[in-house]
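# need a structure here:
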Amino acid sequence: MSIIPRPTVFWQRYRLIILIILLVLGLMGFWLYALSQQSRPFVVAMASMPVPASEVPPKDVEHEMPLSASQIKADSPTLAGMAFVDIHCLLINKELDSFGGWFPNDVFPFTRLLDNKVNFQLGMRETLLRSLLVLRENLSRQDRTTSALNANVQKAYGHMSVSPDSWMFPRYEKELRKTIQLLNQYRDELKNGKAGFFSRADTLVRLNEQFASLLGAETSALTAPDISMFDSDDRFYHAKGVAYALYEIYQVLNFEYASVLEKNDGHKLMQSIINQLEHAYFEPDIVFNGDDESWRNNHLKQLATRLYSVRQKMNSVNSVLQHRAASSAG
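Alright, predicted model coming up:
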C-alpha cells in the first residue's frame, strides 16, 4: 500500500478552490493597478502650432483623441478662445471617462484606498477652477468693471465649484458634465460672434498670477517640515495633478496669445514653462521624502524644484508684459 504525502492529498482535495482564489487575487490586483493609473500628458497639436518632427511626443500622445481646436486658424479672430474651452472640456472628460471615473467622491472602500489618483484629480480640478475663474472675471469680459458676466461661464464655474467629494444631491460627476455642457454653449457663442474672448496682455497676466499663486501653495506644501510618510504621497500627487493640467493649458495659451507673446518676445519664456511642466510629470515606484543626507530620494523636493522654476518663469512673463505695457503708456 502506497502512502501519499499529506501536502499532495491537500492539493488534490482543494486544488480547484486554491486556483480560484489565486485567479480572483490576480484579477483584483490587476483591477486595483488599473484604477490607480493617472492620466498622462499629451501634446496639443493645432494647425497653426505644428509639433516639430524631431520632437519626441511625450507619454501616450498617439492614443489621445484630437482636439476639435485642431482646425482653428490663427487668422480667424472670431474663433479666439475655442481652443481654451476645448482643452478644459477634454481634461474634464478624460477624468470622467478614465477607468474608475471620478475618485474623490467614491464611497467604496477599495477605491478610497487608492488615494494617489484621488489627490491627482483634486490637483487637476484646482487648476481648472483657477483657470475658469479668470475666464469668468477677465477673459470673457471686455471691461472687468462694467461688462456683464457671461452667463454660461458663470454657471460652469459654479457647477465645478461644488464640493468634489459630493456623491449624492448633487453627484459631482453630474456637476462636471453640466460644466462641460455650459462651456460648449459658451464655445457656440464664440463661434457665432455672440460672446468674446479677450486674449490681451492683461488677461494673460491674470492667468499667470492665478497659476503662480497656486504653484506657490503647492511648493510650500511639498517643502513643509516634518511631513509624515503617509502624507508625502498625498502632497506629491496633488502637485502632480496641478502640473499635468497646467502643461495642457499652457500649450493652448501659447496658441491663444501668439500675437501678444510675439509682440513682447515672450514665446521663449512660455515654451520654457511648457518644457518644465512636462518634466514635472514623473512616476516613482514609491514616493520618498528623505532628508538631504539620506540614501532615499526626496521626490517631494524634486517636484517642488521644478514647480518653483515654472512659477519664476510665469512671473518673468508678467514682468515682460507689464513692462511693455508701462512703456507703451509712457
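# show me how the record splits the protein into domains.
Domain assignment for the chain, taken from automatic domain parsing, gives 1-35, 37-329.
# out of the ones you listed, deepest packed?
domain 37-329 (a mean of 17; mean count of other C-beta atoms under 10 Å). For every residue, glycine as well, the C-beta is placed using N, CA and C.
# what residues does the helix or strand hosting Arg177 touch?
Under the criterion of DSSP states H and E, Arg177 resides in helix 172-191. Residues outside helix 172-191 that contact it (C-beta atoms under 8 Å, 6 or more residues apart in numbering): 78-82, 85-86, 88-89, 92-93, 95-96, 101-102, 104-105, 140, 150, 152-153, 155-156, 159-160, 162-166, 195-197.
# okay, the nearest residue to Leu269 once chain neighbours are set aside: pLDDT?
Closest residue to Leu269 apart from its sequence neighbours, by C-beta to C-beta, 6 or more residues apart in numbering: Val317 at 4.9 Å. Listed pLDDT for Val317 reads 95.
# restricted to helices, list the contacts of helix 172-191.
Judged by DSSP state H, helices contain the following of the contacts of helix 172-191: 82, 85-86, 88-89, 92-93, 95-96, 152-153, 155-156, 159-160.
# state the three-state secondary structure for the residue nearest to Leu269.
For Val317, the secondary-structure state derived from DSSP: H, G, I helix; E, B strand; the rest coil is helix.
# tell me where the stretch 201-330 of the chain has helices.
Using DSSP state H, counting those that start in this stretch, the helices of the stretch 201-330 of the chain run over residues 201-222, 229-256, 258-263, 267-279, 299-329.
# can you redo these as JSON lines with distance to Leu182?
Below are the helices of the stretch 201-330 of the chain laid out as JSON lines (distance: least, C-beta to C-beta, whole Å):
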{"stretch": "helix 201-222", "distance to Leu182": "20"}
{"stretch": "helix 229-256", "distance to Leu182": "18"}
{"stretch": "helix 258-263", "distance to Leu182": "27"}
{"stretch": "helix 267-279", "distance to Leu182": "27"}
{"stretch": "helix 299-329", "distance to Leu182": "28"}
